[in-house]
Structures are given as structure tokens and as C-alpha cells.
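Undergrad: Task: produce atomic coordinates for the following.
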Amino acid sequence: MTTLASGTDTLTRDALTVLQPGFPGTTAPDWLLRRLGEGLASVGLFGRNIASPEQLSSLTAQLRSERDDVLVAIDEEGGDVTRLEVRTGSSFPGNHALGAVDDVDLTRAVAHELGRRLAACGVNLNWAPSADVNSNPSNPVIGVRSFGADPELVARHTAAYVTGLQSAGVAACTKHFPGHGDTAVDSHHALPRIDADSPVLEQRELLPFRAAIAAGTRAVMSAHILVPTLDPDRPATLSLRILTDLLRGQLGYDGLIVTDGMEMQAIAATYGIERGSVLAIAAGADAICVGGGLADDETVRRLRDALVGAVRAGELPEERLAEAAERVRALARWTASGPAAASTPDQGSAADTDRAPAAEVTRVDIGLVAARRALTVTGADDFTPLTEPPYVALLTPVANIAVGDETPWGVAAELARLLPGTETAGFAGADEDAGRVVLKAAGTRRIVAVVRDEHRHPWMAAALDTLLAARPDTVVVEMGVPQAAPRGALHIATHGAARVCGHAAAEVIAGT
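TA: Numbers count the residues shown, from 1 in each chain. Take a look at the predicted model:
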């Protein structure tokens, strides 16, 4: 009887260990602390959990008072996807801006500084970087989260990001394996499908993941996508062929495999989160991420019991669950061992555009330096900087769930700092009258039109047509993927909507 009880306890602890749940609030609820005592080894943080760096430090200290080796994970890509600065916008440009600069030293330095700030707050696992090759311009969920459309470029910057982040002692989780770039469906809403043959997948999707593995990424996140060439029946997160045969077998990866959020509709609406979690562990995943939308003790209990029940029913080998739990603990041991490198990576050419020595690129401004370097400006030769406050029209698409709609974006706040009196108004959705409304509201003031992925939104393009026909002196700021042709008296492509991207664009508009 004693042996059975001990075995059951071990099984239950292992089932809890492989879960990475979220939770509500800015302090840890009692149920979460209790589960940490019972074997839970990871938690996931989202914007709802963060009010300030000081509060976040207190929260992670509270978690570690219950379990000192807990993995505290966060979805902090920088750029458009930020949790650390969810209410203000990120101090760092995202991947697309870094890819536009194409300086791996800069990417490494930015990732290191972002990792240093996370580590200072007690976060030790970052669900980043995105290694997706944004080969489909219509992709609704990746876009500026990708370093670009060139696999070689994405590969070298993915490796640099992994190296920089992990040199600060924060484990990188490279995502979304085997590659989410060639999709036109958001897996938060449905199951995307990539119909590419093996040579294309090898030369495009897999190249950045090979680079990440060579760079020593401590974790890889699976994608909820169907790739029939690799597995015609199961999405990658639930596929033995993709996670075990391909990722572990062919690519030689032996670190932690984390699922994307199991509450996403690509899994939840097709398999359910309990069945999906069992299938994911059986396929080779080691950690079940859940909590972007589901964040309570009931969810944790249901998933724990589903895993335990699957082992007892013979549907999930106990050895597979034990192996997964041990990989979670191994990563926790790595994070507890401290940064892999104590010094900041050489920032080298990070300051070249600003013509400042690398030593002068401080930790505080490395993000702004990167954002300035990432700008692509068209029409600057004939442009006279604004000296009077403009009217800023923010043409806002529906935000994808990964980015969220909590985080402010645009250039108005930064322009108001440089040109007091700047006024702004937002236009969301498919507002067919947006152009005419802007013209009427702006009056005689100079118009700055801010867009995000104009090429994906016909209503946005139509609004710009109306504005430029009546007011050809309109300034256009594109803060998404600059796929559409530049137009306007001045066109600024920021390659992302982070706060620092808006800051850099405002400097150009105001001539500072």
C-alpha cells in the first residue's frame, strides 16, 4: 500500500509539473501557491498580472517563497507583443524592426537588455523569439513578430536573439515550430494549414529552428498548425512525427518542448484542452501552456486529472510523462545556475547610425537606437519638418489576440511631447468614411495618418486615397509590415508599433 501511494503521488506531481498555467491578478492566488507545493513547477505571466517592475518583482518573490526553483514564463517578444510594458508600449522594437536593420550584434544586444530586465523582475523563461518566416504577406498573426521573409535573415537573427537573451540568464523559447509564417489563419481562432512540400519546409520553415538549436535554445514552442507533408492527421502540437521524429530525431533537439496555449481554438475547438494535453505529451511535448484565457484552479485540476487518468488507462506511458516532467525540472536547474555570460554582449555596430561609440549606447537607450536605425523614410529630401501641432489620424485594424488591444501604439503621444497641442483620433474596423471624417476634423492642420498593415486592409487604403487626393501633404506612418508602396509627402515605415518606434518616427516628423 505504501508503494502504491508513493507511486500515485509521484504520478500526480509529474502531471502538475508539466503544466504552465496562467492566473488572474497581480498577486498569486492561494490555489496557485498550494499547487506549487503539490508539484506545479511553472507559471505563465500575462499583461493582467503586471502593474510595474516593482510589483512584478514582489509577485515572483511570492511564487519563489513557495517553490524556489519555479519557472516563471512570460510572452515578452518586445515590439508589438509586450507584457512587461503592456500599458505603455515597449521600450524595444520587435523582430521585424531588428530584421530591417539586419545587424546581428544589435539584435543580440537588444535581446540581452530585454532579458536583463526580465531577470531583474524574477522572470526566467521567455516565450520568445518568434522564428517564423513571414513568407505570407496576408498572415494575420505573425507579421511584424517575424524578423522577415528571408529564411537566412530570420535564422541568423533568431540565433542572435537566443544568445543575447540567454546570456542574461533567461531561457529562450523559440517559436512556433515547425513555422507559422506561411499561414492566412490565426490559430487563436481556427486551425491553420500549410501546404508546402518537404524541400520548401526544409529550406524555409526549418532553417531558423536549426539555427536556434545550434545557438542552444533552452526551449521550443510548438505551433497549432496542420502541415500535411509532415503529418496529414495531427497538428504539430499533437504530432509524434513532428515533435519526436522531426524535432528531436532529425534536428537533434533535446531541450524543453512547450505547447502554444492549449485554450486556443485550433486545439480547444477540435480536441478539447484535456484530450489535447494528453495527446501533446504523448507526441513529445514536455510542458502544457494554458492560461491566456483560462486561468483558474479548476483548469489546472482538470488537466492534471486528464494526464493521470490517461496514464492509468494505458493511453499515455508513465515513462513519457516522467521524462517530460524531468525536462521541466532540468530547465529550472539551468535558470537557477545564473546567467551563461555575465557581461553584456558587444554592442558593436548598434550605435553606428547615431555615430556614437558603442560604449555610449546605454542599457536605457539601446531600444531607441534600434528603433531609429529601423526606420525606412521616403520623401525626406523634399520634406520640411513640422513646427505646428498636427492632426494625427490613427487607422486601427482589429488587433490579433497575441498582440492584444491593451497596449497603446502610434505616434501621437510622442508628437505631442515634441509639438504640444497635437490632437489625435482613432478609426477602427472597416470605417468607409474614415478619410472624409479625418479631413473635416483636421481642418487646416497638417495631417499625419498612421496605419498598420495597409496592404491587408482595403478600408485603410481607401482612407489614405481620400486623404492624399485632398491633402497631398499628408504624412503617412506605416507601423506594420510595409508591403504597400510608400506614399504621402513623407512616408515612414517603422517596422513595428512599439512605443520606441513611434518615438523614432515622431523625431523625423518634427525634425529633432
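Undergrad: drop to CA atoms for contacts and neighbour counts, all remaining ones
TA: Noted.
Undergrad: Show the contacting residues for residue 193.
TA: 183, 225, 226, 227, 228 (CA atoms under 8 Å, 6 or more residues apart in numbering).
Undergrad: Where does pLDDT dip in the stretch 151-300 of the chain?
TA: Scanning the stretch 151-300 of the chain for pLDDT under 70 picks out 185-190, 293-294.
Undergrad: For the residue most central in space within the chain, which non-adjacent residue is spatially closest?
TA: Geometric centre of the chain, nearest residue: residue 77, 3.9 Å, by CA atoms, centre = their mean. Excluding the flanking residues, the one nearest residue 77 by CA to CA, 6 or more residues apart in numbering is residue 128, at 5.5 Å.
Undergrad: Quick check: the gap between that neighbour and residue 448.
TA: 33 Å (CA to CA, to the nearest Å).
Undergrad: Please apply the same query to residue 33.
TA: Distance from residue 33 to residue 448, counting by CA to CA: 49 Å.
Undergrad: higher neighbour count, the two?
TA: It is residue 448, of residue 33 and residue 448, that has more neighbours when counted by other CA atoms under 10 Å, with 25 against 17.
Undergrad: Bridge partners for that one, pull those for me.
TA: Taking DSSP bridges as the rule, residue 448 bridges to residue 392, residue 475.
Undergrad: Run through who's touching stretch 451-461.
TA: Here stretch 451-461 has contacts from 138, 394-397, 430-432, 476-484, using CA under 8 Å, 6+ apart.
Undergrad: Please, which helix or strand holds residue 14?
TA: Assigned by DSSP states H and E, residue 14 belongs to helix 2-17.
Undergrad: Please pull up the helix or strand immediately following that helix.
TA: Going down the chain from helix 2-17, the next helix or strand is strand 19-21, by DSSP H and E.
Undergrad: Can you list the neighbours in contact with that next one?
TA: Residues outside strand 19-21 that contact it (CA under 8 Å, 6+ apart) are 40-44, 287-291, 295, 300, 303-304.
Undergrad: Give me the buried subset of the residues you listed.
TA: The neighbour-count test (16 or more other CA atoms under 10 Å) marks 40-44, 287-291, 300, 303-304 as buried among those.
Undergrad: which among these gets closest to residue 467?
TA: In terms of CA to CA, no member of the buried ones among the contacts of strand 19-21 lies closer to residue 467 than residue 291, at 42.5 Å.
Undergrad: which SS class is residue 310?
TA: Three-state assignment for residue 310 (DSSP: H, G, I helix; E, B strand; the rest coil): helix.
Undergrad: Surely it touches residue 278?
TA: Yes: with contacts counted by CA atoms under 8 Å, residue 310 reaches residue 278, the gap being 6.9 Å.
Undergrad: okay, the two: which has more neighbours?
TA: Just comparing residue 310 and residue 278: by other CA under 10 Å the higher neighbour count belongs to residue 278, 24 against 17.
Undergrad: contacting residues for the nearest residue to that one once chain neighbours are set aside?
TA: Excluding its sequence neighbours, the residue lying closest to residue 278 (CA to CA, 6+ apart) is residue 307, at 5.7 Å. For residue 307, the contact set (CA under 8 Å, 6+ apart) comprises 15, 274, 277, 278, 316.
Undergrad: circling back to that earlier point, which residues are common contacts for residue 310 and residue 278?
TA: Counting by CA under 8 Å, 6+ apart, the contacts common to residue 310 and residue 278 are residue 316.
Undergrad: quick one on the thing from earlier: could I have the buried ones of the contacts of stretch 451-461 as ChimeraX selection syntax?
TA: Buried residues among the contacts of stretch 451-461 (16+ other CA under 10 Å), as a ChimeraX selection:
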select :138,394,395,396,397,430,476,477,478,479,480,481,482
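Undergrad: quick one: secondary structure of residue 221?
TA: Taking three-state DSSP as the rule, one finds residue 221 in the strand state.
Undergrad: and it, bridged to which residues?
TA: Going by DSSP bridges, residue 221 is paired in beta bridges with residue 258.
Undergrad: From residue 424, how far out is it?
TA: In this view, residue 221 and residue 424 are 39 Å apart by CA to CA.
Undergrad: who's more crowded, those two?
TA: residue 221 (27 against 21).
Undergrad: List the contacts of the more buried one.
TA: 127, 173, 174, 175, 176, 177, 257, 258, 259, 260.
Undergrad: what two of those are the furthest from one another?
TA: Most distant of the contacts of residue 221, by CA to CA, are 127 and 177, 12.3 Å apart.
Undergrad: what about the two, which has more around it?
TA: Between residue 127 and residue 177, residue 177 has the larger neighbour count (other CA under 10 Å), namely 28 against 22.
Undergrad: so what's that one closest to, chain neighbours aside?
TA: Nearest to residue 177 is residue 222, by CA to CA, 6+ apart, at 4.5 Å.
Undergrad: Does that neighbour touch residue 175 like I think?
TA: Yes: counting by CA under 8 Å, residue 222 touches residue 175, with 6.5 Å between them.
Undergrad: now stretch 36-45, how far from the centre of its chain.
TA: Computed by CA atoms, centre = their mean, to the nearest Å, the chain-centroid distance of stretch 36-45 equals 22 Å.
Undergrad: Start and end of that stretch, how far apart?
TA: One end of stretch 36-45 sits 15 Å from the other (CA to CA).
Undergrad: got it, and stretch 422-433?
TA: For stretch 422-433, the first-to-last residue distance is 22 Å (CA to CA).
Undergrad: So what's the model's average confidence on that stretch?
TA: Taken as a whole, stretch 422-433 carries a mean pLDDT of 81.
Undergrad: From here on, call the first residue 59.
TA: Taking 59 as the first residue, the last one we looked at is stretch 480-491.
Undergrad: residue boundaries of the strands in the chain?
TA: For the chain, strands defined by DSSP state E occupy the ranges 77-79, 100-103, 129-132, 183-184, 229-235, 277-280, 314-316, 346-348, 434-436, 449-454, 481-486, 505-509, 533-536, 548-551.
Undergrad: okay if I get those as TSV plus distance to residue 518?
TA: Listed next are the strands of the chain as TSV, based on distance: least, CA to CA, whole Å:
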stretch	distance to residue 518
strand 77-79	38
strand 100-103	34
strand 129-132	33
strand 183-184	34
strand 229-235	29
strand 277-280	33
strand 314-316	37
strand 346-348	35
strand 434-436	20
strand 449-454	7
strand 481-486	9
strand 505-509	7
strand 533-536	11
strand 548-551	15
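Undergrad: what's the closest of the ones you listed to residue 391?
TA: Ranking the strands of the chain by distance to residue 391, with CA to CA as the measure, places strand 129-132 first at 9.5 Å.
Undergrad: Who are the contact partners of the residue nearest to residue 235?
TA: 233, 234, 235, 236, 294, 295, 301, 315, 316, 317, 318.
Undergrad: just residue 253 next, same as before
TA: By CA under 8 Å, 6+ apart, residue 253 lies in contact with 285, 286, 287.
Undergrad: and it, how far is that from residue 290?
TA: 10 Å.
Undergrad: from the contacts of residue 280, which single one is nearest residue 557?
TA: Ranked by distance to residue 557 (CA to CA), the contacts of residue 280 are led by residue 233 at 23.7 Å.
Undergrad: So the closest one sits against residue 200, correct?
TA: No: assessed by CA under 8 Å, residue 233 is found out of contact with residue 200, at 10.9 Å.
Undergrad: Could you name every residue contacting both of those two?
TA: Listed contacts common to residue 233 and residue 200 are residue 190; contacts here mean CA under 8 Å, 6+ apart.
Undergrad: Relative to residue 483, how far out is the residue lying closest to residue 296 once chain neighbours are set aside?
TA: Spatial nearest neighbour of residue 296, excluding adjacent residues (CA to CA, 6+ apart): residue 338 at 4.4 Å. From residue 338 across to residue 483, the span is 45 Å (CA to CA).
Undergrad: Between the two, point out the one with more neighbours.
TA: Each of residue 338 and residue 483 has its neighbours counted (other CA under 10 Å); residue 338 has more, 27 against 13.
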